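> Next come a sequence and a model predicted from it.
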Amino acid sequence: MNDSGLLPSGIKRLELIEMLGIVKRFPGVLANNNIDFDVKSGEIHALLGENGAGKSTLMKILYGLYHFDKGEIRIDGNPVNIQSPSDAISLGIGMIHQHFMLVPTLTVAENVALGLQTSRGPFTEIEAVSRRIIELAGVYGLQVDPDVYVWQLSVGQQQRVEIIKALYRGAALLILDEPTAVLTPQEVDELFVIFRQMASDGYAMIFISHKLHEVLNITDRVTVLRDGQVVGNRKTADTTKKDLANLMVGREILMAPGKVPFEGGHIRLSIKDLWAESDRGTQALQGINVDIHSGEILGLAGVSGNGQTELAEVINGLRPATRGKVMLDSKDVTNTQTSTLIKGGISYIPEERMRDGMIKDFSVSENIILRDVSTKPVSNYSFLNFKEIEQQSEKLITDFNVKTPSRDTKVKNLSGGNIQKLVLARELSRKPSVLIASQPTRGLDIGATEYVHQQLLLQRSEGTATLLISEDLDEILALSDRIAVIYEGRIMGEVASKDATPEQLGLMMAGVAAELENQ
């Protein structure tokens, strides 16, 4: 680290950022209770905690999205007043949000330039912005086309846009909220090389992740929050994954879900030579062939944007197949209406739970009955049976441990983990014969992830054929009986989970294994 006080980009280095005695209340909730937190120049400091522990609230205060009720923020010993993200950015603070702050109808370059002043007054110098994006993408290995519209990008590509946007604004402190959620192991390694180099150059970083092995790998220090309070602050080198997990949850946590060996069953779902197009009219699926047996979990590994979303949508009747077949219990259900597939025994846990799995302004009860609103006993001749809805809702809230003030609470007011439990409650209560689970634990804390894993294994024990689509290799390896890897809409190969390694799967996810096989 140089001693000039400047980062290599010429931005002033932030030697010490302190949050002292931070208190933040929401109606009925004490989100942050007298929290002390700091991060130093050249340090990667992890912030851990379950959903609802207060992490996001604390970071939104630092970034100016929320204002604390009590406390103080200091930079290099001087009190600062951060009233908005503009204030934070001007102080050298950048934040990469878990839920992307991008405008889908604008291009990458337009999103990066949004809100920035230029020498042309109200006119944006898009060409200059595009050149800088390409330069940053080359330097940091975050390749993305500045002229592409954000709605056309995969989740992983949108994450790269968020990182580039923060770097473009010259942040000296980066708040990183789940930055590796959609990357392959090799891409994570490359990103960590960049993070370590940035820390060595004097950047300060706050690293928020639910992947404890990544926290132990990349960070220098760890602060753990639980119920809005700091319950641990220690050097990363002095702790373990198990210690951190127990601190986060406040109890012993099951680090590896136990499952009995798969004994084999009949084929419930068969995909034969399946082809489909993406929203941009390109070939998203190119001859997919997979079979899933009763009582089996088939894990589908791959980097976001390689056809996983399209495959799940075709199976669930949400996207047309252009060729090939989807067979459900030996019956051809290709391009069948979603309502018919639901009646046939397919349940779907979608990748985007708030966009595709829930109606955020509907209540818990209303979301629970979404799939049954026109059938008995929920309704009778177009009249809703409110007593039945009440009983169903209360039972599922209890059975799936959904933490909600009441069944009438709007879903948008629940935490991510409880929203996912609600999706599970609705889909699994139908006793499906086939379950499509797409990124079922994305963004969830370790306690909620443990719960989801238990539910998936319970379905397996009851004979459900499950397609588990996940970019988390630890999850794929822990839960799957077989693992298939998808790359550019093709299956690169299948391997028994007991024989698979992250390195082998990572190469296949990058298409390297297929190239090696063809040499």
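Structure received.
> for the stretch 201-350 of the chain, which spans come out with low pLDDT?
The stretch 201-350 of the chain contains residues with pLDDT under 70 at 253-258.
> one more time with 90, if that's ok
201, 209-213, 241-242, 245-246, 248-265, 280-281, 302-305, 339, 343 (pLDDT under 90).
> what ranges do the helices span in it?
Taking DSSP state H, counting those that start in this stretch as the criterion, the stretch 201-350 of the chain carries its helices at 212-218, 241-249, 308-315, 338-343.
> for those helices, which one sits closest to K235?
Ranking those by distance to K235, with C-beta to C-beta as the measure, places helix 212-218 first at 11.1 Å. Any C-beta I mention is one placed from the backbone N, CA and C, and that applies to glycine too.
> So what touches the closest one?
44, 46, 48, 180, 188, 192, 195-196, 207, 209, 222, 236, 239-241, 244-245, 446, 474 (C-beta atoms under 8 Å, 6 or more residues apart in numbering).
> Turn the buried ones among the residues you listed into a named ChimeraX selection, would you?
Listed next is the ChimeraX selection for buried residues among these, using 16 or more other C-beta atoms under 10 Å:
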select :44,46,48,180,188,192,195,207,209,222,236,239,244,245,446,474
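> Among the contacts of helix 212-218, which lie within strands?
I44, A46, L48, F207, V222 (DSSP state E).
> Identify the residues contacting the second one.
Residues counted as contacts of A46 (C-beta under 8 Å, 6+ apart) are I206, F207, I208, S209, V215, T219, R221, V222, T223, T236.
> distance of it from N78?
Relative to N78, A46 is positioned 26 Å away (C-beta to C-beta, to the nearest Å).
> Report the beta-bridge partner residues of I483.
Applying DSSP bridges to I483 gives these bridge partners: G299, V495.
> Let me see the contact set for it.
Residues counted as contacts of I483 (C-beta under 8 Å, 6+ apart) are L298, G299, L300, A301, I476, L477, E494, V495, A496, S497, A500, L505.
> Buried only: go through those residues for me.
Among these, the ones that count as buried by 16+ other C-beta under 10 Å are L298, G299, L300, A301, I476, L477, E494, V495, S497, A500, L505.
> any idea which of the contacts of A46 is closest to E162?
Proximity of the contacts of A46 to E162 (C-beta to C-beta) peaks at I208, which lies at 13.3 Å.
> Does the closest one touch T180 like I think?
No - between I208 and T180 there is no contact under C-beta atoms under 8 Å: 10.7 Å.
> Could you identify which of the helices of the stretch 201-350 of the chain is most buried?
helix 308-315 (a mean of 25; mean count of other C-beta atoms under 10 Å).
> can I assume R25 sits in a strand?
Yes - applying DSSP: H, G, I helix; E, B strand; the rest coil, one finds R25 inside a strand.
> can you start the count at 390 instead of 1 from here on
Sounds good: first residue 390 from here, last item R414.
> Enumerate the beta-bridge partners assigned to it.
R414 has these beta-bridge partners by DSSP bridges: L419.
> about what we covered before: now the buried ones among the contacts of I872 as JSON lines including distance to S859?
Output for those, formatted as JSON lines (distance: C-beta to C-beta, whole Å):
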{"residue": "L687", "distance to S859": "11"}
{"residue": "G688", "distance to S859": "7"}
{"residue": "L689", "distance to S859": "7"}
{"residue": "A690", "distance to S859": "7"}
{"residue": "I865", "distance to S859": "5"}
{"residue": "L866", "distance to S859": "10"}
{"residue": "E883", "distance to S859": "16"}
{"residue": "V884", "distance to S859": "15"}
{"residue": "S886", "distance to S859": "12"}
{"residue": "A889", "distance to S859": "13"}
{"residue": "L894", "distance to S859": "11"}
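> Is the nearest residue to P493 once chain neighbours are set aside in a helix, a strand, or coil?
Computed as C-beta to C-beta, 6 or more residues apart in numbering, the closest residue to P493 that is not its neighbour in sequence is W540, at 3.9 Å. Recorded secondary structure, W540: helix (three-state DSSP).
> so what's W540 up against?
Going by C-beta under 8 Å, 6+ apart, W540 touches P493, T494, D668.
> Give the bridge partners for the closest residue to T628 other than its chain neighbours, please.
With C-beta to C-beta, 6+ apart as the criterion, T628 has its nearest non-adjacent residue at 6.3 Å, and that residue is V611. Beta-bridge pairing for V611 (DSSP bridges): A435, R623.
> Give me the secondary structure label for the closest residue in space to V497 that isn't next to it in sequence.
Excluding its sequence neighbours, the residue lying closest to V497 (C-beta to C-beta, 6+ apart) is P535, at 4.7 Å. The three-state label given to P535 by three-state DSSP is coil.
> Could you check how far P535 is from I522?
Using C-beta to C-beta, P535 is found at 4 Å from I522.
> neighbour count winner among the two?
For P535 versus I522, neighbours defined as other C-beta atoms under 10 Å are more numerous around I522 (25 against 22).
> Just the local confidence number for that one, please.
We note a pLDDT of 88 for I522 in this prediction.
> Which helix or strand contains it?
Assessed by DSSP states H and E, I522 sits inside helix 515-529.
> can you pull the buried residues of that helix?
Counting neighbours by 16+ other C-beta under 10 Å, helix 515-529 gives I515, V518, S519, R521, I522, I523, L525, A526, Y529 as buried.
> Could I get the contacting residues of the first one?
Right, the one you point to is I515. Residues near I515 by C-beta under 8 Å, 6+ apart: A498, E499, A502.
> so what pLDDT did it get?
At I515, pLDDT is 88.
> From A502, how far out is it?
Using C-beta to C-beta, which is the criterion applied here, I515 is 7 Å from A502.
> likewise the fifth one?
Distance, I522 to A502, using C-beta to C-beta: 9 Å.
> for the chain, which residue is closest to the average position?
R831 (3.5 Å; C-alpha atoms, centre = their mean).
> Name the helix or strand for that residue, please.
R831 belongs to no helix or strand, assigned by DSSP H and E.
> Am I right that it is in contact with I738?
No - in this structure R831 lies outside contact range of I738 using C-beta under 8 Å: 10.6 Å.
> domain parsing for this protein?
390-481+559-638, 490-557, 655-734+824-845+855-908, 744-820 (automatic domain parsing).
> In JSON lines: these, plus distance to V649.
What follows is these, written out as JSON lines (distance: least, C-beta to C-beta, whole Å):
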{"stretch": "domain 390-481+559-638", "distance to V649": "24"}
{"stretch": "domain 490-557", "distance to V649": "33"}
{"stretch": "domain 655-734+824-845+855-908", "distance to V649": "10"}
{"stretch": "domain 744-820", "distance to V649": "19"}
